[in-house]
Structure formats: structure tokens, C-alpha cells
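# no sequence for this one, just the structure:
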């Protein structure tokens, strides 16, 4: 180990002040470019809808990774002679430093690279991790940033990828299924209720009518549960969509004499 650090010390002893200035300029330019991409691209994507918005958001972490790699490739030859021995000395020392001093950070960093390759989530995806649900706003080198429906920002380290279940609602598309539940007492025409709820979904201004709409019913000792499954025009509309289905559905059911049921606390909704 001492020989490795000694070789590294001798390696940088030949670095000139001019080379340092040139390297600093390149790094500053790369940092500025990354900053502009992270600010401008999401702003442009926010004015769009559908797949173009998702594609633009997903391009941000990929562009940042490309800029970082290009910066390293440009800076290293400016500071040192890119020979095999020099590369071994540099990366060997960096590996030891990261391994001992930044183990957790390196773990998240590697998981972040795996995330960009496997893409279990992308900016614009609606995911749930460890009970936290929200839209992925950005993907950094160490963590992903999601915004919950209550406008709370949650940072999820990429290392969570190794040992946690990640539920992705739309998986890089603009199709996100929403479910509105209705609990009714027994003693009504089941098929009529299913037809009424299906009509409610078809006539909602938020419904993406080219996607399938279904109504699932289940019987319980205390009554019946109806689950209306449909897709909003945009994933961002999911809560307005569910509220619209619920309000209009309860109104039409009340007009036809269906009575809401009290659901026991211990009863969980089916998947």
C-alpha cells in the first residue's frame, strides 16, 4: 500500500499549474453543463405530456453520466501521462480510498449505475419503496428523489435496490392504472351496479378511453366491494381521476338506491 501511495505522489509531482488551471476549467464547464441540463430539461418536460415528457426526464441522469465520463477522460490526460502504470496507480489508490472511507456511498454509487442500466425506475415514474409512494423527480449519483402526493420530497438511496421491493406504477410509460373502491351493503342488483360504475368511468373527463376499463366485484360477510380499474390521461391526474370516479360513482349509486357499507378495519383490499 505504501508503494502505491508513493507512486501516486511521484505521479502528481510533475503536474504544472497550467495543467491544473486547464483541468479546473474543464471540470467547471462540465459542472455548469450538468446544472443547466438538470434545470432546463425538467422545465421543458413539464410543459409536455405523455411519452415525450417521460423520455426527456429519463434522459437527464443518462446525460449527466455521459458528461462525467467524458470529463474524466479529458481531465486525466491533462494532469498526467495516460500510461498503464499511471492508470494502475490512480485507480488502485482511488479504489482503496472509496473502499475504506466511503463504503456506503460507493455502494449507492454502484447501485446508481446499475439503476441507469436496468432502469427499475425513471424520472416521471410513480413508484413505491418501503411504504413511500410518489413520482420520481430526479435520479442522482447516490439517491433518487421522489415527490409524494402530499408534496413531500423523499430521498431514496440507490442501495435500496439491493434489498427492497420496488413497485412501479407506469414503468416508463404514460399508462398508470387507478382503482376506485365502492363498498355497498347486500341486497342490490350486482350487474346493474357494475354497469353503472363502468359508465361512470367511461364518462369521466380524465379517462383514457383507449385503455381497458373493468369493474371487479367481491362478496364479503358485511356486503359487496366493487373496484373500478381504469387509466387516467396522464399519471399526474391519478388523484383527481380517483376523486372524480368516487364522487360521481357514489352520486349515481345513491340515485339508484344502493347503500354504502361500513368496512371492518381488519379487512384489507384485494390486489
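Arrived safely, thanks for sending. Fair warning: this is a prediction, and the values are worked out from it, not measured in the lab. Residues are numbered from 1 along each chain as shown.
# could you list the domains of this protein?
Residue ranges of the domains in the chain are recorded as 2-101, 126-168, 178-263, according to automatic domain parsing.
# for the residue sitting nearest the centre point of the chain, give me phi and psi.
Centrality entry for the chain: nearest residue to the mean C-alpha point is residue 136, 3.2 Å, by C-alpha atoms, centre = their mean. Per-residue torsions, residue 136: phi -70, psi 120 (degrees, to the nearest 10).
# what's the separation between it and residue 193?
Applying C-beta to C-beta, to the nearest Å, the value for residue 136 to residue 193 is 37 Å. Backbone N, C-alpha and C define where each C-beta goes, glycine included.
# do residue 18 as well
The gap separating residue 18 from residue 193 is 79 Å, by C-beta to C-beta.
# which of those two has more neighbours?
Counting neighbours by other C-beta atoms under 10 Å for residue 18 and for residue 193 shows that residue 193 has the greater number, 21 against 9.
# and the helix or strand that contains the more buried one, how far from the chain's centre?
Assigned by DSSP states H and E, residue 193 belongs to helix 190-202. Relative to its chain's centre, helix 190-202 lies at 33 Å (C-alpha atoms, centre = their mean, to the nearest Å).
# each with direction, which strands does the next helix or strand after it pair with?
Remark: after helix 190-202, the chain's next helix or strand is strand 214-220, criterion DSSP H and E. Strands adjacent to strand 214-220 in the sheet, as given by DSSP bridges, are strand 223-230 (antiparallel).
# list the buried residues in the strand it pairs with.
223-228, 230 (16 or more other C-beta atoms under 10 Å).
# end to end on stretch 170-180, go ahead and measure it.
The first residue of stretch 170-180 is 17 Å away from its last residue (C-alpha to C-alpha, to the nearest Å).
# for the record, mean pLDDT for it?
In this model, stretch 170-180 has an average pLDDT of 91.
# repeat for stretch 24-42
Averaged across stretch 24-42, pLDDT comes to 85.
# okay, strands next: where are they in the stretch 1-150 of the chain?
For the stretch 1-150 of the chain, the strands identified by DSSP state E, counting those that start in this stretch occupy 126-129, 132-139, 143-147, in order along the chain.
# want to throw the ones you listed into CSV with distance to residue 22 and mean pLDDT?
As requested, these are exported to CSV (distance: least, C-beta to C-beta, whole Å; pLDDT from 0 to 100):
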stretch, distance to residue 22, mean pLDDT
strand 126-129, 42, 92
strand 132-139, 30, 88
strand 143-147, 32, 87
